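S.K.: sequence below, structure please.
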Amino acid sequence: MYYWGADAREGFGFVPPGTLQPTDAGIRFLNSRSKIQDVAVGKKIVGFIHGDGKVSVIRSEGDGLAQAGKRKPLDSKKDKIKSIHCGENHVVLLAHGDKVLFVDMSSPPFHPSPLSDLSDRKVTQVACGDQHSMALTNDGQLFTWGQNSSGQLGLGKDEPSTQSPKLLSSLSGIPLVQISAGGDHSFALSLSGAVFGWGKNNAGQLGLGDNTDRNAPANVSSLNFKKTIFISCGEEHTVTLTEGGLVFTFGSGRYGQLGHNSFGDELHPRLVAELLGSKVSQVACGRRHTLVFVESSRTMYSFGCGEQGRLGNGQTTNQCIPLPVHLSPELNQDQGSLRILAGGDTSIALYTPLGSEGDMNNALHSKALLTLDKDMIDRWVSGEDSKSWKVTKREIKHIFSSAACLNGSFLKKSCDEHYRTSEECSGLDLPSVRLGFEKLAESNKVLSEVEKVVELMLVPSLNPSPAGVEALRVYLILPELLRVLRKHQLGTDLTVALASAILSLDPEWLKVLERFWSKLSDSSFKTLVKMFRRVSAKCLTQIVSGNFAQDGGLQKTVQVLQRIYKVGCNTHQKEKISRWFHIHEVNFLFEVLQTLLDDLERQLVWSPHITAMQTSKQLYENTIWRLMSSPCIFDLEAKCALLKNHFQNRGGFPMILRRTALLEDSFDQLRHANEHLLKGVLMVQYVDDMKRSDVNKRDFFLNLFDELLKPSSEMFMYNDNRALIWFPPTPRRQEEDYFLFGILCGLAFYNNSVVHLPFPLALFKKLLDVKPSLEDFKEFSPDVGKSLQYLLDYADDDAENMYMSFTVVWDGADVELDLSEPGRVVTSANKTEFVNSYVDYALNKSVERVFEEFKRGFFKVCDREFVEVFLPEELMGLILGKEDYDWETFKKNVQYEDGYHAGDQTITMFWEVFEELSHEEKKKFLLFLTGYDRVPILGMKQIKMRVRFRINFTQEHLPEALTCHSILDLPRYQSKETLRTKLKEALEHKRGFWE
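M.R.: Numbers count the residues shown, from 1 in each chain. Below is the predicted model of the structure:
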C-alpha cells in the first residue's frame, strides 16, 4: 500500500515507528505482514480490512473519546468483512453474506451492530458521507440513514434525521449500479449512465446549475448521454468518469480540486480539459483534492488542496490543474493492479502484484444489480428438480419483483446504445426481450411462477412518478411477457393490473411512455394492442354473460387501448391500424341489448323476469356509456349502433312549415327552439297537408339544403370548379344564420338523414378539433394546393426566384399572411412557414367567427360525447353519405311481397330495365326510393328495398315509393317497354314543393 497526506501515525500502526522512509514526494510504501485487503478513509477515520476478513480502524485526530493514531480492531465476531466505509464519526461494514454492520465511533465501546432494517436485503454497496450513510441492494433499492440537515438522505421535504435505514422510494425502478456520498451530499448512478444527486449544494456540487440544496434526487441532465460509469464525491465537490475515460468535475473549486486551472466554483459538470488525450480509468476524491489514474500509462494525477502533502508531488501548495503523482518508477512499469483511494486529507494506492490472489473490491467493476439474461433463463428452464426449483423460485422472486432488475435487463449494448436512453429512446433490445420470454415459456412451471410474482409483487410496486426514463422500460417489457402468457391462456388479471399502472402514471411520464410506444416496430406495436384488446374482449364477454366482476378491468384496458390508438395514428396509417383496435364483442353487446329492448317492449304484463331484464339493460347501457371514451374499439357498425341506441325513446321536435317559405319558417322556428326539444326526433308537417310522415322529413332536408346551397343564398364561397363550398371570409349573411345552419346540420346528423352538403373533409375535422392540413386545402383548392406542395418539395435553395410573397389572394381579395411585414418574400428558409400560414388562414383564421357560430349550433343539437366517437371521415360519411354504389348488393338485399318473387316476369323485366339505366338514372332511382341519392355510410347493405304489388294498380299507374320504408309499389306491366317508360317518368317526376 502506498499512501501520502495526513498520517495519524506512521504506517497507521502496522509497523514500528521509524520503519518507513517517505520519498521526496512524501509517499510512503507500507508492506504489512498482515495483508491489507481494503482501505476506507473518512474525515477523521481510516479503516482497514485484513486478509482474514477482520477489521481495524484508526482515528486521524483526537477528540477526547479515542486516541489519535492508535489503531483499534473492531470485533465483527464470525462475520468476515468484504468492504468498509468511513464517515466522520461512524463506520459501516459489509460482510460476506450481505450483512451490514454499523459502528458508532463517537462513543465507546465501538462494537459493530447489525442493521436489522437491512437484514433481509442483499446489500452490494455502501457509501458514507460525513454524517450519513447509504446502502444499495442487488435489486436496485437504495436505503439512506443518518443526519438530514441538508436533505442528504433524499427522503423529501421536512423529513427528520434517522438512525434507521429508510428506502429512497423516489428512485425505485431505476436500475442503480453505484452510489457515492460526499460531505453532506449524495449521488446515485444508473446502469445507462443517468446521474442523480441530492443534499447540500452550496457550491454547486450537485451539478444542477444553481446552489440550492435538494431534499430529493434530481437528475443531472447535463451528464445525460455522457456514458457516466463512476462517481466520486469530496466534501463539496463531485467527480464523474465516463466509459471513454473523460473526467467531469463540479462544485467547490476553492482549492483547485476541479482541475480547471482556476479556483472558482462550477455549478455545471465541466470537462477537465487538461486530461484530454488520456483515457482515465479511475477517479477518487478526498475532502478537498482529487486523484485520477490512467491505466494505459500507469500514471496517477492529483489536483486540489496540497496541505500535508496529499497531492503526492512533494509540494504543499494548492494545485488547480492535474499534475503527476511522483510514484515509484518501478511501480509505473509493473503489471500488477493498482486501485486509488482518497478521503479526508489522505491519498492511497492499493497495489496487488500480477498473479496475486485477492479481491480488489473495485466498485467500478462490481456486479451491483441482478439482471435477467439468457443464461439465467436457460438454467431455469432446464432444471426443474426439487433442489434447483427452490433456487429458481428464489431468483424469479428476486428479479421479477423488482422493476429495477427488469429495467436493467435486455439492454442494447451494441455500440453502447443504451447510454443514449432518453425520452425518445428506451435503450431496450426488444427482440432479445421477445426471445427471452419465448424461451422462458418452454416451462409452464416457470411461466406460472413469473406471472404470479409480477402480478402480486412487481406491478403494485411500480412508481407512478419515476425519477428517470429508465424506470419506464418495464412497461415495454411486460407486454412481451403477456404475449407468451396469452398463448397459454394466462395473463388476464396481469393485463388489467398493468393497464391500471399505466393509467396511474403522472401525465408527464405517461407522455414519455407514449413516445416509447411511437418508436415500436410494427410487430411490438401489434403485440401491445393485442394484449389489451384480447383482455378487453374477454371482460366484455363476461359482462354480457352475467359475470360483472371485470367491469373495472374493462374500463382500464380500453382506456389504454385508446391512448395507444392515438399514438398509432401519429406514426402509422390510420386506415391500416384502426382495425387492429376493433373489439367485435362490442357489436355483440349491442345485439344483446337490442334483443333485450325488443323483449321488454313486448312485455305487456309485469312478471318477475322484467326486473332482471331491466337490471341487465341498465348494466349494458352503462357499459356502453363508459366505453364511449375509447371509441377506437368500435368499428363503424358499432358506432352506428351506438347512435341508434342513443336515439331510442327520444321525444319529438315538431316543425310546421309553409312549403313556399321553407327557409324563412325553418330558421325562425330553429331560432326559438328549446334545446331539449332539438334533441328529439324531427317531425315535419306542412300547412297544406298536416300528415306527419318520414317522407316529409326527407323532403325537408333535400329541399332546404338545396335552397341554402344556391349561389343566391350568399351563404358560402365556392371553389374553382364550384363542386365544393366553404365559409366566406367576409360573410354577407348575419352570423346568426351560420348558427342556425349548424343547428340544421346537427338535426340531420341526429335524425340519421343523408344530406347534400358539399363541404371538404376540413369541416368535419374542425368539428372534432382536428387541425386541417395541406391535404385538406388541396381537396378544396386543388390548383393552389398543388402549387404549395410543389413549393415544399422544391429542393433548390432559390425559392425566392419563384417571385412569391406572403401576400395572397383568397376569395377574390388580397390577404397579408404576415401583418408585421407586408409583402414579405417567400424564400427557401421560410417556405414551410408560408405554406402553413396560407392553409391556416384559408381553413381557420379567415372563417373563425362564422365557423364558431356553425359549431355552436351543431353542438346545441348534438351531444359532443356521441359526435366525438366518430373519426372526421366517418362523421362526414354519416351526414353526407358516400358514393360507393354497389348495385349488385342492392339487388341481393331486395325483399319481394304480395305475390312477387325473384323469378316473377315483372321482376325480371324490372331488373333488365334497371341494368339499362345510366349511372345518374340509377342515382335518381335511389333518390326516388329512399329520399337520398347517396349511399349510407355502412354501404348498400343498409338499403333493403321491398317490392310490392298493389292490386288496384293499372297499366297507367306509375311506380310509387314510400321512402321512409324503402318500399317500391310496382304495377304488373305487360311489357318491358311500358315498364321502362313508366319508371323513367316516375324518376323525372318532381317531388312537388312548388308546382
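S.K.: tell me how far V935 lies from L101.
M.R.: Counting by Cβ to Cβ, to the nearest Å, the gap from V935 to L101 is 82 Å. Using the backbone N, CA and C atoms, a C-beta is placed for each residue, glycine as well.
S.K.: do V450 as well
M.R.: Between V450 and L101 the distance, using Cβ to Cβ, works out to 35 Å.
S.K.: please apply the same query to V869.
M.R.: 64 Å.
S.K.: which one is A499 nearest to, not counting chain neighbours?
M.R.: Closest residue to A499 apart from its sequence neighbours, by Cβ to Cβ, 6 or more residues apart in numbering: K556 at 4.0 Å.
S.K.: wait, what's in contact with the one you found?
M.R.: Contact analysis of K556 by Cβ atoms under 8 Å, 6 or more residues apart in numbering lists V496, A499, S500, L503.
S.K.: helix, strand or coil for the last one?
M.R.: In three-state terms, and counting by DSSP: H, G, I helix; E, B strand; the rest coil, L503 is helix.
S.K.: number of residues surrounding it?
M.R.: 15 (other Cβ atoms under 10 Å).
S.K.: helix or strand with the lowest mean pLDDT in the protein?
M.R.: Across the helices and strands of the chain, the lowest-confidence element by mean pLDDT, DSSP states H and E is helix 329-333, at a mean of 71.
S.K.: for burial, what's the neighbour tally of P782?
M.R.: Taking other Cβ under 10 Å as the criterion, the count of residues near P782 is 15.
S.K.: return the backbone torsion pair for it.
M.R.: Backbone torsions for P782, taken as degrees, to the nearest 10, come to phi -60, psi -40.
S.K.: again, but for A349
M.R.: Note on A349: its backbone torsions stand at phi -130, psi 120 [degrees, to the nearest 10].
S.K.: what's the nearest residue to it if we skip its chain neighbours?
M.R.: Counting by Cβ to Cβ, 6+ apart, the residue nearest A349 is Y2, at 4.2 Å.
S.K.: pLDDT at that neighbour, what is it?
M.R.: Y2 carries a pLDDT value of 90.
S.K.: so what's it up against?
M.R.: For Y2, the contact set (Cβ under 8 Å, 6+ apart) comprises I27, R28, F29, L30, L327, S328, L331, I348, A349, Y351.
S.K.: residues in contact with the fourth one?
M.R.: Same thing as L30. Each residue near L30 by Cβ under 8 Å, 6+ apart is listed here: M1, Y2, Y3, G11, F12, F14, V15, L20, I36.
S.K.: got CSV for those, with distance to Q789 too?
M.R.: As requested, these are exported to CSV (distance: Cβ to Cβ, whole Å):
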residue, distance to Q789
M1, 74
Y2, 72
Y3, 74
G11, 82
F12, 79
F14, 82
V15, 85
L20, 83
I36, 75
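S.K.: which of these fall in strands?
M.R.: Y2, Y3, I36 (DSSP state E).
S.K.: pLDDT of the longest helix seen in the chain, averaged?
M.R.: Assignment by DSSP state H gives helix 522-544 as the longest helix of the chain. For helix 522-544, mean pLDDT rounds to 94.
S.K.: now the end-to-end length of stretch 285-302.
M.R.: By Cα to Cα, to the nearest Å, the extent of stretch 285-302 from end to end equals 10 Å.
S.K.: I'd like the numbering to begin with 3 instead of 1 from here.
M.R.: With 3 as the first residue, the last one maps to stretch 287-304.
S.K.: specify the beta-bridge partners of G345.
M.R.: T348 (DSSP bridges).
S.K.: share the number of residues neighbouring it, please.
M.R.: 29.
S.K.: just to check, it is in contact with K46?
M.R.: No. Contact criterion Cβ atoms under 8 Å: G345 and K46 do not qualify, at 10.1 Å.
S.K.: picking that back up, mind listing which of the contacts of Y4 are in helices?
M.R.: Counted as lying in helices by DSSP H, out of these, are L333.
S.K.: Three-state assignment for V514, please.
M.R.: Following three-state DSSP, the label given to V514 is helix.
S.K.: quick one, grab the pLDDT at the residue nearest to it when sequence neighbours are not counted.
M.R.: Once flanking residues are discounted, V514 sits nearest to E425: 4.9 Å by Cβ to Cβ, 6+ apart. Per-residue pLDDT puts E425 at 95.
S.K.: can you give me the helices for the stretch 353-502 of the chain?
M.R.: Taking DSSP state H, counting those that start in this stretch, the helices of the stretch 353-502 of the chain run over residues 376-384, 388-402, 405-409, 432-442, 446-455, 461-463, 476-489, 494-506.
S.K.: list the contacts of the last one.
M.R.: It refers to helix 494-506. 453, 456-457, 461-462, 464, 466, 477, 480-481, 483-484, 487, 512, 515, 533-534, 536-537, 540-541, 552, 554-555, 558-559, 561-562, 565.
S.K.: likewise the fifth one?
M.R.: With contact meaning Cβ under 8 Å, 6+ apart, helix 446-455 is reached by 382-383, 386, 391, 394-395, 398-399, 402-403, 442-443, 483, 486-487, 490, 492-493, 496.
S.K.: just the buried members of those residues?
M.R.: 382-383, 391, 394, 398-399, 402-403, 442-443, 483, 486-487, 492-493, 496 (16 or more other Cβ atoms under 10 Å).
S.K.: do a quick rundown of the strands in the stretch 553-702 of the chain.
M.R.: 654-659, 683-688 (DSSP state E, counting those that start in this stretch).
S.K.: coming back round to it: out of the contacts of Y4, which one has the weakest pLDDT?
M.R.: L333 (72).
S.K.: please tell me how far the nearest residue to F669 once chain neighbours are set aside sits from L882.
M.R.: Using Cβ to Cβ, 6+ apart and skipping the chain neighbours, the partner closest in space to F669 is L742 (4.9 Å). According to Cβ to Cβ, L742 stands 19 Å off from L882.
S.K.: pick out whichever of the two has more residues nearby.
M.R.: The residue with more neighbours, out of L742 and L882, is L742; 24 against 20, by other Cβ under 10 Å.
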